[in-house]
Structures are given as structure tokens and as C-alpha cells.
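> Sequence plus predicted model, see below.
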Amino acid sequence: MELKLEVVVIPVGDVDRAKVFYEQLGFRLDADFATPRGLRVVQLTPPGSEASIIFGDGLTDAAPGSLQGLHLVTDDIAAARDDLARRGVDVSELWHDADGVFHWAGTANRVPGPHPGSDSYGTFCSFADPDGNGWIVQQVVTRAPGR
């Protein structure tokens with residue numbers, strides 16, 4: 001059986017502000033509709049991704065900004081970081097984890113600069129949407145076997 005992750009629900013406080021932000025990032029607007037009873041669904045897809053995000057009114061009880069650790073993957077993190085900054089995003093500088101494995105929650109164990117020994121899986125930058133939902137951008141040039 002094949003199961004694919006298609007949609008991640010993002011808790012936001014202001015749907016229109018979030019829509020503008022994610023479109024500013026270059027996410028493709030796939031849908032924006034409302035039902036007569038007040039359900040509103042906005043769906044956007046990051047460039048090159050098969051999975052989308054959705055947010056709106058009546059979709060989740062999670063507190064706006066409570067989603068942390070969402071990952072976007074790129075093969076050129078310096079270019080991706082520069083693109084985000086040009087789009088007006090408050091994006092961190094490049095960093096890697098001191099342990100060199102993955103990364104801790106929040107900003108614990110971060111070391112400035114790219115991972116010195118690997119071009120894949122070890123270098124990150126990060127940003128948050130207007131509600132504080134936290135995103136990580138990770139560089140992967142060469143995928144590990146089986147991925």
C-alpha cells in the first residue's frame with residue numbers, strides 16, 4: 001500500500017495575512033473557497049513540492065503559530081536563503097547542528113555557517129510565518145540510499 005503525505009494544516013490567526021505571506025514566498029495558490037456555514041480553505045503548494053499546506057477558518061483547533069519544525073528541502077540552500085530574503089522574509093543565516101546529526105528544537109545547539117563536512121542533510125536556515133509557525137529549510141544535494 002502506498003501512502004503519500006499530501007496536505008499539512010497550518011494554524012493561523014489571520015487567513016488573508018497568511019495567504020499574502022505564503023504567496024510572497026512563491027507558493028502556488030491552488031484553492032481559496034468558503035462554504036455558506038463559514039468554513040474557509042486556502043491551499044498553497046511550495047515550488048517543486050507534491051505536498052501542500054492548507055489553512056483557513058474552521059480547519060483546526062490548534063493555536064495560531066503552534067506548528068514548529070516544518071521542513072522545506074532544497075539542493076542549494078544559499079540560493080534559497082537569498083531568495084527568501086529578497087522576498088522580504090526574516091530568514092536566519094545558514095547554520096548547522098553542533099552534533100551534526102539533525103537539529104534540536106528551537107535554536108539550541110546551532111552553530112553558525114554551513115555544515116563543514118557534508119553538503120546534504122546538515123545545513124539549515126529558518127524562518128517563521130506571521131503567526132510564528134516555524135519553518136526549517138534543509139539542504140539535500142545527494143539523498144541517502146532508499147530516500
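Happy to help now that I have it. Numbers count the residues shown, from 1 in each chain.
> Surely Tyr22 is within a helix?
Yes. Assessed by DSSP: H, G, I helix; E, B strand; the rest coil, Tyr22 belongs to a helix.
> quick one, what contacts it?
With contact set as C-beta atoms under 8 Å, 6 or more residues apart in numbering, Tyr22 has these partners: Leu44, Ile53, Asp129. (C-beta placed from N, C-alpha, C; glycine too.)
> Mind picking the one among the residues you listed that's closest to Val111?
Asp129 (25.1 Å; C-beta to C-beta).
> For that closest one, give me the pLDDT.
Looking at Asp129, its pLDDT is 98.
> separation between the residue lying closest to it once chain neighbours are set aside and Gly117?
Nearest in space to Asp129, with sequence neighbours left out and distances taken as C-beta to C-beta, 6 or more residues apart in numbering, is Phe21 at 5.5 Å. From Phe21 across to Gly117, the span is 35 Å (C-beta to C-beta, to the nearest Å).
> What count of nearby residues applies to the residue nearest to Asp129?
Per other C-beta atoms under 10 Å, the neighbour tally for Phe21 reads 21.
> That's all I had, so thanks and see you.
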